[in-house]
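Asker: coords below, sequence missing:
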C-alpha cells in the first residue's frame, strides 16, 4: 500500500488499529492532509446524499413483477397470446367465482359492513376492501388488503387485483364502484399468509391474464390513475 | 413467520440497494431500471449457483456489475458512432424533487467522467458501503487493485466536483 492508499484506507476505517493510530497522528500534525481528509469526508457525504434517496423510492411495478415471473411475465404473456384459446384455468376461475359468489350471496346480509356487498346478484367491494382499492398503492401496502396489479380491461375500465388474509380477487371500475370480477378463497392452510400474494392464485392469475388489455400500470401510472379517481 | 424467507423475498428486499447501484453504474434512470430488471432475471435463473450462507447481496451486485460491463461495452461501441456521452445524463422529469434531482444529476455527471473501473469501485465502497475485501472478492481483483482504483477515482471525482 502506498502512503496515499494508506491515508484513504484510514479514512474508510480499513486500517488495523496500530496503523490507524499512526495515520491519525500524521493527519493531525499536517494541516494539508487534514484539509484533504475533510474534503474527502464531504465528498462521501455528497455521494451518499445524492444516491440514497434512490434507495428510499418505491420500487417500480415492473421490477416487483420481475421477481415473480411465473405470474407476471410468463402467465400473462402466455394468457394474452392464447386468448382465443380458452384455457382450462379460466373456466375454473369462473366456476370458483360463481361458487364464492353464491356462498357470499347467501351468507352476507344485504346491508353488511363486510368487505363485500351483494346487490342484484352483483358483488361490489365495500368497507376495508373498497378503501384499499380506492386509496392504496401497490408500492405502499397498509392494513389487511394488499394491492397487486393495476391495469385496464378491454373496455378501458381500471382493474386492480388484491390479496386479503383469506382470499384474493380482482375488481374493476363499474359505475363509480369496484365490481368484483373474481374472488378466490386462499387454499387450505394459507389463510393469513401473504406469500400467496407473491405466488398469486393460479385462478386469479388466469382471470387477470384474460381481463388485462395491455400492460399492468407502473408505479407512476398507478399514482396518476388514483389521482384521476380510477377513471 | 420465523422460517427463513424465500429466495424471492430476499431478492425483493435487496431491490432498493440494487437500484441505487444501478443508477451509479448507468447514470440514467431508465437504463438503471433495465439493468435492475436484467439482474433480477439473471439472479432467478442462476439461483442454484448461489450458496446459502454466503451473502446474497454481494452475489447480486456481482451479477449486476457483470451485466453492466456487457451492456456498457455494447453501448460504447454504439455511442462512439452515434451520440456524445453527455446524452446519458438526462434524468428528465424526476419524481425525487428538485434539489435531490439536481444533486443527483450533478454527481452523476461527475461520475460519468470516471473510467468504468474506477466508477464501480467508488460506487461499491463510498455509496454502497462495502469493505475493500468484500469488493475485492466480489470483483475478483487483488485488494491492492481495489485500493488504488479507489484512490484514483475519488481523487478525480473531488477535482471534478470542485471545478465550479
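Answerer: Good, I have the coordinates. If you're wondering where the values come from, they're calculated on a predicted model, not measured in any experiment.
Asker: The host helix or strand of residue A:179 packs against which elements?
Answerer: Using DSSP states H and E, residue A:179 maps to strand A:177-185. Judged by 3 or more CB pairs under 8 Å, 6 or more residues apart in numbering or on different chains; DSSP states H and E, strand A:177-185 is in contact with helix A:88-107, strand A:122-125, helix A:127-135, strand A:167-174, helix A:202-211. Backbone N, C-alpha and C define where each C-beta goes, glycine included.
Asker: what's the pLDDT at the residue lying farthest from the centre of chain A?
Answerer: If you look at how far each residue of chain A sits from its centre, by CA atoms, centre = their mean, the farthest one is residue A:29, at 54.0 Å. Residue A:29 carries a pLDDT value of 96.
Asker: next one: residue A:99
Answerer: Taking residue A:99 on its own, its pLDDT is 49.
Asker: Secondary structure element holding the residue nearest the centre of chain B?
Answerer: For chain B, the residue nearest the mean C-alpha position is residue B:21 (3.3 Å; CA atoms, centre = their mean). Here residue B:21, judged by DSSP H and E, is contained in helix B:7-26.
Asker: Could you confirm whether that helix reaches chain A?
Answerer: Yes - under the criterion of CB under 8 Å from any CB of the partner chain, chain A is reached by helix B:7-26 at B:8, B:9, B:11, B:12, B:15, B:16, B:17, B:19, B:20, B:23, B:24.
Asker: Likewise for stretch B:127-145?
Answerer: Yes - with CB under 8 Å from any CB as the criterion, chain A is reached by stretch B:127-145 at B:127, B:131, B:132, B:144.
Asker: So which bits of that stretch are buried?
Answerer: Across stretch B:127-145, burial judged by 16 or more other CB atoms under 10 Å in any protein chain shown covers B:127, B:128, B:130, B:132, B:134, B:135, B:136, B:137, B:138, B:139, B:143.
Asker: gap between the last one and residue B:36?
Answerer: Think residue B:143. 28 Å (CB to CB, to the nearest Å).
Asker: One more: the fourth one?
Answerer: Relative to residue B:36, residue B:132 is positioned 25 Å away (criterion: CB to CB).
Asker: Then the second one?
Answerer: Look at residue B:128 and residue B:36: by CB to CB, they are 14 Å apart.
Asker: before we move on, what about the first one?
Answerer: Applying CB to CB, the value for residue B:127 to residue B:36 is 15 Å.
Asker: Run through chain A and note the low-pLDDT ranges.
Answerer: A:69-113, A:187-199 (pLDDT under 70).
Asker: Now do the domain split for chain A, please.
Answerer: Per automatic domain parsing, the domain ranges recorded for chain A read A:3-56, A:61-227.
Asker: How far does the shortest one stretch from one end to the other?
Answerer: Read that as domain A:3-56. Start and end residues of domain A:3-56 are separated by 37 Å (CA to CA, to the nearest Å).
Asker: Dump the residues of stretch B:127-145 next to chain A to JSON lines, plus pLDDT.
Answerer: Listed next are the residues of stretch B:127-145 next to chain A as JSON lines, based on pLDDT from 0 to 100:
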{"residue": "B:127", "pLDDT": "96"}
{"residue": "B:131", "pLDDT": "95"}
{"residue": "B:132", "pLDDT": "96"}
{"residue": "B:144", "pLDDT": "95"}
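Asker: Mind checking which of the buried residues of stretch B:127-145 land in strands?
Answerer: Using DSSP state E, no member of the buried residues of stretch B:127-145 falls in strands.
Asker: Closest to residue B:59 out of those residues?
Answerer: residue B:138 (8.5 Å; CB to CB).
Asker: ok, that closest one - contacts?
Answerer: Neighbour list for residue B:138: B:58, B:61, B:62, B:65, B:124, B:130 [criterion: CB atoms under 8 Å, 6 or more residues apart in numbering or on different chains].
Asker: can you tell me how far the residue nearest to the first one when sequence neighbours are not counted sits from residue A:136?
Answerer: Spatial nearest neighbour of residue B:58, excluding adjacent residues (CB to CB, 6 or more residues apart in numbering or on different chains): residue B:138 at 5.0 Å. Look at residue B:138 and residue A:136: by CB to CB, they are 37 Å apart.
Asker: and the residue most central in space within chain A, what helix or strand is that in?
Answerer: Nearest to the mean C-alpha position of chain A, counting by CA atoms, centre = their mean, stands residue A:138 at 3.9 Å. For residue A:138, there is no helix or strand it lies in under DSSP H and E.
Asker: swap in the one 10 residues further on?
Answerer: Under the criterion DSSP H and E, the helix or strand holding residue A:148 is strand A:146-152.
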